[in-house]
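Visitor: Attaching a predicted model along with its sequence, questions to come.
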Amino acid sequence: MKSVAATFVLLLGLTACAGPGGMSPGGGLMYQVPETPSVVYLTGDTSSIDIDAGPMGTMTMRGTGTATMAVTFAQGEEGVQVTATFQELNARLSQPMGGAQTATEDDLVGDLVFTMDAKGHTTVVSVPETKGMAGELANPHNLVYEFFPLLPGGAVDPGESWTDSLHYQIETGMGEVESSSIMTYTLHGDTVVDGVSLLHITVAGTADVVGSGVTEGMEVTQIFSGDVSGTILWDPARSLYVSGVFDRDMDGTVEVPAAGMPPMPMKVTGTSRVTIQGG
């Protein structure tokens, strides 16, 4: 039961590693093929899941993950086509009962390919084959829905904000996850980092998640919601997402009906970081 609860949390995509598209020649904030169409991103994530099991005490799980991901952008028939390849991956879930679960780049076979329209609405083209625990600890579908945010698709001035919602369902080898979120992005203007002028954007919103599955013959359901916030840096000259730091703070419950126990309170916190290799 604890493994399912933790892996559902890790595959949610709530890292919200969101990076807006570039300023087009017409001044709009939208997705387009960047000046540098092939880049490498470095990502890192830490998650903490604490479940109050009543007389059994608090069950704590820790998830960590780092990845090096090559991303190529190209013009497609339905917008920008994105191809992502995991060059390196190290994901680990530690739990008090049972050994640690891990996944590496060897557990993902093939590229992840999807398309984005000007606002960032995505369509999956193909996903890598997953082996072992990779489908739960590093589900490729998360990248499709959560790595890039939804944009206004038009002109945005410093101080202005835009709000959009995201809803998706994904299947894993252990069950199903449904996620709904509403995020507000605010363009604060320019900031200079290492002599380069970048756009400074903040994001804040809420997410609601429902996960269900079966483990050891027992049905497990978890429901939780909470806040997601972060800071994004974008290079308008290259039309590239440069870096981001994101925090999540969520509360919910885990329920195992066959155990004859009431829903157990759960706390989910974590921080995610992403940066482009080479600055």
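Guide: In hand now; what should we look at? Residues are numbered from 1 along each chain as shown.
Visitor: Pass me the low-pLDDT residue ranges in the stretch 101-250 of the chain, would you?
Guide: Within the stretch 101-250 of the chain, the ranges that satisfy pLDDT under 70 run 173-174, 215-216.
Visitor: Could I get the full set of strands for it?
Guide: 101-104, 108-109, 112-116, 122-126, 129-130, 154-155, 161-172, 175-193, 196-215, 218-235, 240-255 (DSSP state E, counting those that start in this stretch).
Visitor: number of nearby residues for residue 80?
Guide: 23 (other C-beta atoms under 10 Å). Every C-beta, even on glycine, is put in place using the N, C-alpha and C of the backbone.
Visitor: need the contact list for it.
Guide: For residue 80, the contact set (C-beta atoms under 8 Å, 6 or more residues apart in numbering) comprises 31, 32, 33, 73, 74, 115, 116.
Visitor: can you tell which of the strands of the stretch 101-250 of the chain is closest to residue 41?
Guide: strand 240-255 (8.1 Å; C-beta to C-beta).
Visitor: Can you list the strands that that closest one pairs with?
Guide: Using DSSP bridges, strand 240-255 pairs in its sheet with strand 218-235 (antiparallel), strand 264-276 (antiparallel).
Visitor: and these as CSV, adding mean neighbour count?
Guide: Formatted as CSV, the strands paired with strand 240-255 follow (neighbours: other C-beta atoms under 10 Å):
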stretch, mean neighbour count
strand 218-235, 20
strand 264-276, 20
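Visitor: between these, which one is nearest to residue 68?
Guide: strand 264-276 (11.0 Å).
Visitor: picking that back up, looking at the contacts of residue 80, which has the smallest pLDDT value?
Guide: pLDDT across the contacts of residue 80 is lowest for residue 31, at 83.
Visitor: related to what we said a few turns ago, quick check on the contacts of residue 80: which are buried?
Guide: 31, 32, 33, 73, 115, 116 (16 or more other C-beta atoms under 10 Å).
Visitor: Can you verify the third one is assigned to a strand?
Guide: By that I understand residue 33. No. Per DSSP: H, G, I helix; E, B strand; the rest coil, residue 33 lies outside any strand segment and is coil.
Visitor: if we can go back for a sec, residue 209: which of the strands paired with strand 240-255 is closest?
Guide: Per C-beta to C-beta, nearest to residue 209 of the strands paired with strand 240-255: strand 218-235, 5.7 Å.
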